[in-house]
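K.L.:
what follows is a predicted structure for the sequence shown.
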Amino acid sequence: MLAKRIIPCLDVNQGRVVKGKRFQDIKDVADPVVLARQYSEQGADELVLYDITASSDNRNIFLDIVEKVAAEITIPFTVGGGIRTVDDVRHALRAGADKVSINSAAVKNPDLLTEAALKFGSQCIVLSIDAKTTNDSECAVFLNGGRVNTNMNAIEWAIRGEQLGAGELVINAMDTDGVKDGYHVPLTKQVAENVNIPIVASGGAGSMEHFAAVLTDGMADAALAASVFHYSEIDIPELKAYLSQNNIAIRSV
Amino acid sequence: MIAIIDYGVGNIKSLQFAFDKLDIKTCVTASKETITSCDAVVLPGVGAFNDAMKALEAHGLVDILKHEAGSGKPFLGICLGMQLLYEKSYEDGIWDGLGLLSGQIERIAPTVKVPHMGWNTLAHHRANPIISSIDEQSYVYFVHSYYITKPDQASLVSSCLYGDEVPAIVQRDNVIGMQFHPEKSGQIGIQLLKNFGEMIS
C-alpha cells in the first residue's frame, strides 16, 4: 500500500538552514547536509531543500549543497527556489535532486512547466502554489512570499498546473503558515478533489494531530513541515508511530 | 566495475553515490569499449520512453546493450531503464524497446493518482538472490506513470499494488529490472544494490 509521506523542508540561506515565522524573523539553525542526514536517518520519507536567496553567487553555493546532500542521503529530495528556466531544472537534477519545485516562474511563464515536463518527465516537476484567502473568501495565488496577489484562483491554477505537466503539487497555505495551528485542511481537500496528481500540504504544522488531519480529511498524500522538526518540537519516529496507530499508511524505518 | 550507462537522462549521481556507500566501483559511460570491459551494466532512466530509446540509438548503444545482456553479465534496468528492457511501450505512441523481456508498457489507469509517487510495499512472488534479506512488505520508493503489463509471470520476483498489480522486481537469467529507485529507497534499496553487486563474479 502506498504510504503517506512526511517531508521536512530545509530553507537554505547562504549555505545554512533557516526558518522564520510568516516569512519574517529569520534565524540561523543548522548545516543543511548534517540536518538532511539526520532527518533521513530518523525516517523522513523525502526532503525539500529550498534556496531562499536569489543571487547567482549563492546559487552556486546552493548547488554544491544539493550535491553534498545527494551524496549523504538515500531518500528522494526536491529542490526549489529561483527555478526559472529549463536550464535551472537541468542543473538541479544534475546536481542530484530528484524533483524540482517551480513557483513564481510558472505563473509568469506557464510553458516552463510543459517544457520541463517534456524534457525531464512530469514525475520530477513539482508546482508549488502559495495560496492565501482573499476578501471574497476564496484562495488566490500569491507571489514573492505573499506580497503580490496574482488574482488567480488557487484551485484553478492547480488544475491548470496538472494539465501543463506538473507531476505533483505543493499547496503552501499562507493563512496557516508559521502559526502552528494546523494545516489548511479545506484548501488541501479542495485541491485534491480537483486533480489526479499527488498533493503535498504545507504550512501550519504544530502538532501530530495536524499531520493526521491533513493526511485524512485534507486528502493530502504528503505533509511538509519545517520548524516543528528543526526545533525538535515533533520527533519524526514518534510522529510516524502516532500516524500508524491512527491507521494511516506510513513507512516504518 | 559496473558500467552506469550515461545517455543524457536520469539522476545518475545518486546511483553512483549509492554504490559508493557499498564500496562497489562504478563508471558512468557511453563508451562501447568501457561498457564491454565492465563486469556489470546498470541502465538508469527517467522521462519519456521514446526519448530514451532515441537517445540510446543516438549514442549507438542499442546493439551493445543487447549484446551485453546476452553475454550473461549482470544487467540491471532501473525505473524507465527497466521499462526499456521490454518489447513494446504504449507511451504516447507505440515504440519498440530492447526486447530482452516479454511484456509491454502501458499508462497507469487514472483510478489512482498518476504518477505513482512515494513509498510502496513489495510482495514477493518467488525466492530470488536479488531479494536476499529483503522482507515481504518492505517499502521502496516509486516514481512512474507507466508500468509493465502482461509480464512473463516466470520473471516476476516482486510486485506492489497500485490500482493494478505493478511488477516491481523482475529477473530472467542475468537481466534484472526494478521499477522503483533502489538508490532512493533507504537501507532497503542499498541492500538490493548490494544483492545485485553480489551477482558479479
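P.N.:
Good, I have the coordinates.
K.L.:
buried sites along stretch A:209-216?
P.N.:
Across stretch A:209-216, burial judged by 16 or more other Cβ atoms under 10 Å in any protein chain shown covers A:H210, A:F211, A:A212, A:A213, A:V214, A:L215, A:T216. (Each C-beta comes from the backbone N, C-alpha and C, glycine too.)
K.L.:
how many neighbours does the closest residue to B:R126 other than its chain neighbours have?
P.N.:
In space, and not counting its chain neighbours, B:R126 is closest to B:V157: 6.3 Å by Cβ to Cβ, 6 or more residues apart in numbering or on different chains. As a burial measure, B:V157 scores 23 neighbours (other Cβ atoms under 10 Å in any protein chain shown).
K.L.:
with the one 5 residues further on instead?
P.N.:
Neighbours of B:Y162 under the rule other Cβ under 10 Å: 22.
K.L.:
list the contacts of it.
P.N.:
Under the criterion of Cβ atoms under 8 Å, 6 or more residues apart in numbering or on different chains, the neighbours of B:Y162 are A:L2, B:I108, B:V112, B:H116, B:N120, B:F142, B:Y147.
K.L.:
selecting buried members of these in ChimeraX, what would you type?
P.N.:
Here is the ChimeraX command that selects only those of those that count as buried (16+ other Cβ under 10 Å):
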select /A:2 /B:108,116,120,142,147
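K.L.:
out of the contacts of B:Y162, which one sits closest to A:G182?
P.N.:
Distance to A:G182, by Cβ to Cβ, is smallest for A:L2 among those, at 24.0 Å.
K.L.:
tell me the confidence at the closest residue to the closest one other than its chain neighbours?
P.N.:
Once flanking residues are discounted, A:L2 sits nearest to B:N120: 4.8 Å by Cβ to Cβ, 6+ apart. As summarised for this prediction, B:N120 has a pLDDT of 98.
K.L.:
ok, A:V29 next?
P.N.:
For A:V29, the model assigns a pLDDT of 73.
K.L.:
again with A:H230
P.N.:
89.
K.L.:
ok, back up a step: ok now the helix or strand containing the residue nearest to B:R126, how far from the chain's centre?
P.N.:
In this assignment (DSSP states H and E), B:V157 forms part of strand B:156-162. Strand B:156-162 sits 14 Å away from the centroid of its parent chain (Cα atoms, centre = their mean, to the nearest Å).
K.L.:
what residue is smack in the middle of chain A?
P.N.:
With distances taken as Cα atoms, centre = their mean, A:V170 lies nearest the centre of chain A, 5.2 Å away.
K.L.:
can you pull up the bridge partners for that residue?
P.N.:
Assessed by DSSP bridges, A:V170 has beta-bridge partners A:S128, A:V200.
K.L.:
that one contacts A:D130, correct?
P.N.:
No: using Cβ atoms under 8 Å, A:V170 is not in contact with A:D130, being 9.3 Å away.
K.L.:
follow-up on the earlier one: so what's the residue nearest to the centre of chain A up against?
P.N.:
The contact partners of A:V170, by Cβ under 8 Å, 6+ apart, come to A:V48, A:S101, A:V126, A:L127, A:S128, A:I129, A:V200, A:S202, A:L224.
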